[in-house]
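Asks: let's see this in three dimensions:
(chains A, B and C)
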Amino acid sequence: MGKRYWLFKSEPSEFSFEDLQHRPRRTTCWDGVRNYQARNLLRDEVKKGDEVLFYHSSTKPPAAVGIAEVVRGGYPDATSDRQDPTWYAVDVRAVRPLPRPVSLAAMRGSPALRSMVLLRRGMRLSVQPVTAAEWRAVLRLAGE
DNA sequence: GCCAACGTTGGC
DNA sequence: GCCAACGTTGGC
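Replies: Just a heads-up that it's a prediction; the model follows:
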């Protein structure tokens, strides 16, 4: 399967895109996800080479701020039983910040993003799929 | 701080 | 398996 696109949410007071950029090799283990739907995506769908929109929640305004890439696909996280893992992690590396952040309001205002998971019932999902068309639309809003 | 959305838990 | 109670997320 070809490259896919995702949106990862983080509260920057916990872990920001800038934090990711300052990590060794600009890489971190994306763990701590405790939602089964998001867990299933990490375990089964998020693959090395996929691209990630890094979204800051609980900020004024909430916004997509950067691009990262998956450098290691789903693997059982450190808290999981070896034989019967419950929770999964992936590794992500910062690629580049967006030229300008794309606020949630800006995304709401874009017809191309009408059915984006972020704007629908996936409001609370911390790992969510983004279509290729949505990806391009967000980057366009960001001025890329 | 409020509250809507929605996931999880547990009694039955 | 149903569903009410409860907890969490996260925008506003």
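
Asks: quick check: which element contains the residue lying farthest from the centre of chain A?
Replies: Most distant residue from the mean C-alpha position of chain A: A:Gln83, 27.6 Å away (CA atoms, centre = their mean). Under the criterion DSSP states H and E, no helix or strand holds A:Gln83.

Asks: that one and A:Tyr75, how far apart?
Replies: According to CB to CB, to the nearest Å, A:Gln83 stands 14 Å off from A:Tyr75. All C-beta spots, glycine's among them, are computed from the backbone N, C-alpha and C.

Asks: show me where chain A has its helices.
Replies: A:17-22, A:36-44, A:104-108, A:132-141 (DSSP state H).

Asks: quick one: closest of these to A:Gly66.
Replies: helix A:17-22 (3.9 Å; CB to CB).

Asks: ok, A:Gln37 touching A:Pro129?
Replies: No - with contacts counted by CB atoms under 8 Å, A:Gln37 stays clear of A:Pro129, the gap being 10.8 Å.

Asks: so these two - more neighbours on which side?
Replies: Between A:Gln37 and A:Pro129, A:Pro129 has the larger neighbour count (other CB atoms under 10 Å), namely 17 against 13.

Asks: show me the beta-bridge partners of that one.
Replies: Here A:Pro129 sits in beta bridges with A:Trp6, going by DSSP bridges.
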